[in-house]
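Chemist: Need a 3D model of the following:
(one chain, ligands or ions: 1)
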Amino acid sequence: MVATTSTGRDGWSSRSAFILAAIGSAVGLGNLVRFPAEAGANGGGAFVLFYILCIVLIGLPVLLSETLIGRHGQAAAPESYRKVAEESGASKSWELVATLGVLSAFLVLSFYCVLGGWVLYYMYLFVADLIATGVSGPAFDGMSFEAVDALFPAMIANGPVTVVLNLIFLAITLFFVARGVSGGIEKVAVYLMPLFFVLLVGITIYSLIGGASQETFDYLFTFEPEKLTGEVMLAAVGQAFFSLSLGVAGMVTYGAYVSREVNLAGTSAIIGAADTSVALVAGLCIFPIVIAAGLTPNGGLGLMFQTLPHAFQEIPFGSLIGLAFFIMVGFAALTSSVALMEVPSAWVIDQFRLPRPAAVLLVTALAAVFGTLSALSTGMLSGFHPLGFLPMFEGLGFLDTLDTLTSKLTMPIGALFTAVFIGWIADKRLVDSENGLSGGLHYLWRFLVRWFCPLALLLILLGGIFPDRAAQLFAALGGGEVQSAEVAE
Ligand code: PFF
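Modeler: From the prediction side, this is the model:
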């Protein structure tokens with residue numbers, strides 16, 4: 001049966017289906033791969049605590065703003081922004097914020113499925129290992145440290161493998177998105193998210209009992225203010241948006257399938273809390289195993305694809321835990337890639353009046369082209385640095401360029417304009433009738449979207465883009481503590 005919203009469109013069949021789908025969108029490689037990697041690369045506790053602040057003070061207010069625009073518009077993201085703007089007597093050009101979001105979602109989709117492909121490869125490695133060495137032994141028994149280390153560079157340098165795996169992951173995503181909101185997108189979340197949580201909790205308990213739990217707590221939660229540089233702050237805010245699927249019209253798109261009765265403030269709080277908890281639990285799941293195996297929890301993708309497999313080499317049931325781990329990551333990635341594909345697909349359906357399967361196929365075909373460039377950027381095309389002439393993108397290949405461009409620029413910019421739109425431009429009565437807030441919380445939210453989010457985002461964006469200038473300014477203002485990494489040296 002196809003559930004419909006008040007406008008007769010296909011929509012979520014229930015409030016809990018929406019919550020699960022939105023959590024499915026939010027929880028993904030961002031929480032399991034990117035969060036621990038960024039925390040490791042940006043000094044642990046300083047990053048983590050600033051990240052939590054970003055989620056509460058910026059992420060949640062923007063999340064509510066996005067779902068509100070979507071629910072009011074009941075259409076693809078740009079049209080939803082346009083409706084709210086028109087009803088508020090404002091310029092239709094506000095839809096450009098969402099158009100930028102749709103483009104960003106498409107770009108994220110294109111490289112996200114490449115990473116999804118890598119996860120598929122590791123599932124295959126662990127299945128093969130399980131068959132070869134049995135259930136109870138450690139992973140990759142008999143293989144040297146160097147040989148396990150070499151698996152990752154060998155995989156990402158292998159163009160045909162990464163390209164084909166990317167296409168497979170895209171095809172799986174396409175399969176569900178083409179079936180519609182209640183018939184496909186919702187189904188993935190409703191079945192896979194509960195399984196994901198069971199796996200996450202199970203592996204984390206195993207990891208905390210057998211691993212270095214105290215060191216992990218110290219590493220993740222010791223706040224060292226001197227590590228909080230401009231770049232770390234931008235990395236944290238970018239991670240917060242990436243993780244909550246914000247600034248790319250993702251939550252606007254999902255919000256458009258929500259019925260009028262749902263309280264958006266309550267659901268936003270649940271989504272934000274679930275997403276943040278999963279990121280923190282992912283840290284508690286990964287670091288204890290890594291630290292206990294005597295390895296350093298450095299940041300970067302090597303953490304998931306090299307350091308963890310080494311750790312699985314050291315523990316009993318290593319192949320089994322390793323396989324369960326990568327299945328869990330794959331589930332989370334799929335519920336997010338489905339959301340990412342829905343954003344441009346909904347736009348193509350609305351814009352060109354195409355039937356859903358044709359629109360989804362078109363988006364997939366284009367994503368396959370961009371994805372191929374990303375897949376090859378870690379091998380054959382590693383010397384191609386498309387925006388290398390800009391300091392922020394120096395030395396970055398195609399995949400890393402898209403990641404940096406979206407998480408550090410277009411997502412925070414999209415969120416900044418969304419906050420301004422809801423805080424200053426949209427009709428107050430329209431906003432109040434949708435947001436589901438009352439009393440003090442209403443005033444707090446209004447203050448955050450009107451003042452705090454735009455100003456904080458502007459400062460963080462400028463500080464991240466011009467780290468040296470920001471550091472000099474802080475020094476000139478007499479605050480010696482917050483410095484750019486370069487200037488601090
Ligand atoms: N939030 C997802 C993650 O953390 O992996 C990534 C994502 C999904 C971003 C959907 C944007 C989006 F619309």
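Chemist: Distance of the nearest residue to residue 330 once chain neighbours are set aside relative to the ligand?
Modeler: In space, and not counting its chain neighbours, residue 330 is closest to residue 119: 4.9 Å by Cβ to Cβ, 6 or more residues apart in numbering. Glycine gets a C-beta too; all of them are placed from N, C-alpha and C. Separation of residue 119 from the ligand (Cβ to the nearest ligand atom, to the nearest Å): 12 Å.
Chemist: so what's the backbone phi/psi at residue 119?
Modeler: Main-chain torsions, residue 119, degrees, to the nearest 10: phi -60, psi -40.
Chemist: same check, this time on residue 44
Modeler: Dihedral angles of residue 44 (phi, psi; degrees, to the nearest 10) stand at phi 60, psi -120.
Chemist: show me what contacts it?
Modeler: 219, 220, 222, 224, 227 (Cβ atoms under 8 Å, 6 or more residues apart in numbering).
Chemist: thinking the third one is in contact with residue 45, fair?
Modeler: Yes: with contacts defined as Cβ atoms under 8 Å, residue 222 counts as touching residue 45 at a distance of 4.3 Å.
Chemist: hang on, the earlier thing: and the contacts of residue 44, which are buried?
Modeler: Neighbour-count burial (16 or more other Cβ atoms under 10 Å) applied to these gives 219, 220, 227.
Chemist: Need those in CSV (columns: secondary structure, distance to residue 252 and pLDDT).
Modeler: What follows is the buried ones among the contacts of residue 44, written out as CSV (DSSP: H, G, I helix; E, B strand; the rest coil; distance: Cβ to Cβ, whole Å; pLDDT from 0 to 100):
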residue, secondary structure, distance to residue 252, pLDDT
219, helix, 36, 81
220, helix, 32, 83
227, helix, 34, 82
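Chemist: Go through those and say which is closest to the ligand.
Modeler: residue 220 (17.9 Å; Cβ to the nearest ligand atom).
Chemist: quick one, what contacts the closest one?
Modeler: Contacts for residue 220 (Cβ under 8 Å, 6+ apart) come out as 39, 44, 45, 48, 280, 283, 284, 287.
Chemist: Please name whichever of those residues scores lowest on pLDDT.
Modeler: Across those, the bottom pLDDT score, 82, is held by residue 44.
Chemist: contacting residues around the closest residue to residue 420 other than its chain neighbours?
Modeler: In space, and not counting its chain neighbours, residue 420 is closest to residue 454: 5.3 Å by Cβ to Cβ, 6+ apart. Applying Cβ under 8 Å, 6+ apart to residue 454 gives the contacts 416, 419, 420, 423.
Chemist: what's the answer for residue 221, then?
Modeler: Applying Cβ under 8 Å, 6+ apart, we find residue 221 in contact with 45, 48, 49.
Chemist: What pLDDT does the model give the residue nearest to residue 330?
Modeler: Reading off the model, residue 119 has pLDDT 97.
Chemist: surely it meets residue 332?
Modeler: No: here residue 119 does not reach residue 332: they are 9.2 Å apart, not a contact under Cβ under 8 Å.
Chemist: helix or strand for residue 84, which one?
Modeler: helix 77-87 (DSSP states H and E).
Chemist: Now that helix: buried residues?
Modeler: Going by 16+ other Cβ under 10 Å, helix 77-87 has these buried residues: 77, 78, 79, 80, 81, 82, 83, 84, 85.
Chemist: Which positions in the chain make contact with the ligand?
Modeler: 25-26, 28-31, 105, 108, 242-243, 245, 248, 250, 336, 339-340, 343 (Cβ under 6 Å from any ligand atom).
Chemist: Now do the helices for the stretch 201-350 of the chain: every range, in order, please.
Modeler: Assignment of helices within the stretch 201-350 of the chain using DSSP state H, counting those that start in this stretch yields the ranges 213-221, 230-244, 250-255, 264-292, 302, 308-314, 318-352.
Chemist: What is the distance between the very next helix or strand once past the fourth one and the centre of its chain?
Modeler: Counting by DSSP H and E, the element after helix 264-292 in chain order, helix or strand, is helix 302. In this view, helix 302 has its centroid 18 Å away from the chain centroid, taken as Cα atoms, centre = their mean, to the nearest Å.
Chemist: Could you tell me the per-residue confidence at the closest residue to residue 130 other than its chain neighbours?
Modeler: In this structure, residue 130 finds its nearest non-sequential neighbour in residue 319, 4.5 Å apart by Cβ to Cβ, 6+ apart. Residue 319 is assigned 91 on the pLDDT scale.
Chemist: Residue 319 contacts residue 129, doesn't it?
Modeler: Yes: with contact defined as Cβ under 8 Å, residue 319 counts as touching residue 129 (4.6 Å).
Chemist: Extract the residue ranges of this protein that are flagged as low pLDDT.
Modeler: Along the chain, segments meeting pLDDT under 70 span 1-8, 298-299, 470-471, 473-489.
Chemist: Would you state the strands of it in chain order?
Modeler: With strands called from DSSP state E, the chain shows none.
Chemist: how about stretch 16-25: buried residues?
Modeler: Of all the residues in stretch 16-25, those buried under the rule 16+ other Cβ under 10 Å are 17, 18, 19, 20, 21, 22, 23, 24, 25.
Chemist: Repeat that for stretch 107-125.
Modeler: Of the residues in stretch 107-125, those with enough neighbours to count as buried (16+ other Cβ under 10 Å) are 107-123, 125.
Chemist: try stretch 221-237
Modeler: For stretch 221-237, a neighbour-count test (16+ other Cβ under 10 Å) marks 227, 228, 229, 230, 231, 232, 233, 234, 235, 236, 237 as buried.
Chemist: Keeping just the C-alphas, turn it into PDB.
Modeler: C-alpha atoms of stretch 221-237 as PDB (Å, rounded to 0.1, in the frame of the first residue of the first chain):
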ATOM      1  CA  PHE A 221      36.400  13.400  26.400                       C
ATOM      2  CA  THR A 222      39.500  15.200  27.700                       C
ATOM      3  CA  PHE A 223      39.100  18.800  26.600                       C
ATOM      4  CA  GLU A 224      42.300  20.600  25.700                       C
ATOM      5  CA  PRO A 225      41.400  24.100  24.700                       C
ATOM      6  CA  GLU A 226      44.700  24.800  23.000                       C
ATOM      7  CA  LYS A 227      43.800  22.200  20.300                       C
ATOM      8  CA  LEU A 228      40.700  24.200  19.300                       C
ATOM      9  CA  THR A 229      42.000  25.900  16.200                       C
ATOM     10  CA  GLY A 230      39.900  27.600  13.500                       C
ATOM     11  CA  GLU A 231      40.300  24.500  11.300                       C
ATOM     12  CA  VAL A 232      39.200  22.200  14.100                       C
ATOM     13  CA  MET A 233      36.100  24.300  14.600                       C
ATOM     14  CA  LEU A 234      35.200  24.300  10.900                       C
ATOM     15  CA  ALA A 235      35.900  20.600  10.800                       C
ATOM     16  CA  ALA A 236      33.500  20.000  13.700                       C
ATOM     17  CA  VAL A 237      30.700  22.200  12.300                       C
END
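Chemist: chain center to it: distance?
Modeler: With Cα atoms, centre = their mean, you get 19 Å for stretch 221-237.
Chemist: Please consider this matter closed, and thank you.
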